[in-house]
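S.K.: okay, sequence plus prediction incoming.
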Amino acid sequence: MRVRVGVAAAAIAVSLFAVGCTGGKESSAAEEQIPKKNAIGPADQSAPAAAVAAAPNWQQDIKALGDAIPVYAGARYRDDLTRRDEVMVRNQYGPQAKVYTLATDDSYPQVYHYYTTYLAQFRAYPAQLPYPPEQQNWRTLEVQLNQAMQDPFIPGEALSRDGKQVILQVAETEAEPRTVIRYIITPPAAGAIATAASASGGATAVSR
């Protein structure tokens, strides 16, 4: 009899403890909401209203320099990453340089394959492997688009060599999002310096 009383008392104590911890009602693990991952792009409700309003302008600015400039379909504009990258870009290319940073949860090899395959239609772009080297722990791709997008198979797709320059950078990250894509727009003088530094405007893979 004493054993039954002890078990009953223990059950009552557990019930009271559960009620006290849930604010007066019982709950189960299935009812708990899993924290949502941070959304990529201006659709994030936590993003400032100014960032959401500014997001559509990046496509207009890039396409104004050339309709054929490729944009990865799985990437979204990130205002927070753009503002962070602005400091680095302006220190390197001058105060008039602009950057638009996109992000995607697709892997670096997927993004790499898209851009290298797209740019292969331009004869000025050196042929690349369809996938990045596997032995590298940190991978990046940089292409000077004004130099690479010349002599296309499709007439009218060439990017102007004069005026503003567009530098494409794709980088693998160590966290989310998995891959970032930067479009750096520079004045002609800065673009010429970047072209010489990038050694013929081809793709470069950097290991860190």
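M.R.: Received it, and whenever you're ready, just let me know what you need.
S.K.: quick one: Y131 from T186, how far?
M.R.: Y131 is 29 Å from T186, where distance means C-beta to C-beta, to the nearest Å. All C-beta spots, glycine's among them, are computed from the backbone N, C-alpha and C.
S.K.: who has more neighbours out of these two?
M.R.: Between Y131 and T186, T186 has the larger neighbour count (other C-beta atoms under 10 Å), namely 25 against 12.
S.K.: give the contact list for the more buried one.
M.R.: Y93, G94, Q96, A97, K98, K164, Q165, I167, A194 (C-beta atoms under 8 Å, 6 or more residues apart in numbering).
S.K.: domain ranges for the chain?
M.R.: As given by automatic domain parsing, the domain ranges for the chain are 2-31, 49-197.
S.K.: ok, now how distant is the residue nearest to Y100 when sequence neighbours are not counted from Q121?
M.R.: Nearest residue to Y100, sequence neighbours excluded (C-beta to C-beta, 6 or more residues apart in numbering): W58, at 4.1 Å. The spacing between W58 and Q121, counted by C-beta to C-beta, is 24 Å.
S.K.: so for the two, which sits in the more crowded spot?
M.R.: W58 (19 against 14).
S.K.: which SS class is that one?
M.R.: helix (DSSP: H, G, I helix; E, B strand; the rest coil).
S.K.: ranges for the strands of the protein?
M.R.: Here the chain has its strands, by DSSP state E, at 76-77, 98-104, 140-144, 165-172, 179-186.
S.K.: does P187 really touch K98, like I thought?
M.R.: No - at 10.0 Å, P187 does not count as touching K98 under the criterion of C-beta atoms under 8 Å.
S.K.: A127 touches T117, doesn't it?
M.R.: No - counting by C-beta under 8 Å, A127 does not reach T117; the two are 10.9 Å apart.
S.K.: identify, from the contacts of T186, the entry nearest to Y72.
M.R.: Nearest to Y72 out of these is I167 (C-beta to C-beta; 15.5 Å).
S.K.: next one, pLDDT for Q135 please.
M.R.: What the model reports as pLDDT for Q135 is 58.
S.K.: and if you look at A51?
M.R.: Here, the pLDDT recorded for A51 equals 48.
S.K.: and N57, by the same measure?
M.R.: 84.
S.K.: repeat for G201
M.R.: For G201, pLDDT reads 46.
S.K.: mind starting the numbering at 227 from now?
M.R.: Sounds good: first residue 227 from here, last item G427.
S.K.: now do the contacts for V297.
M.R.: Residues in contact with V297, defined by C-beta under 8 Å, 6+ apart, are Q285, I288, L328.
S.K.: okay, and the helix or strand of this structure with the least pLDDT?
M.R.: Ranked by mean pLDDT, DSSP states H and E, the weakest helix or strand in the chain is helix 228-247, scoring a mean of 44.
S.K.: show me the shaky parts of this protein.
M.R.: The model of the chain has pLDDT under 70 over residues 227-282, 360-363, 415-434.
S.K.: where exactly do the helices run in it?
M.R.: 228-247, 275-280, 283-291, 305-319, 334-345, 371-374, 414-423 (DSSP state H).
S.K.: for the fifth one, buried residues please.
M.R.: The neighbour-count criterion (16 or more other C-beta atoms under 10 Å) identifies Y334, V337, Y338, H339, Y340, Y341, T342, Y344, L345 as the buried residues of helix 334-345.
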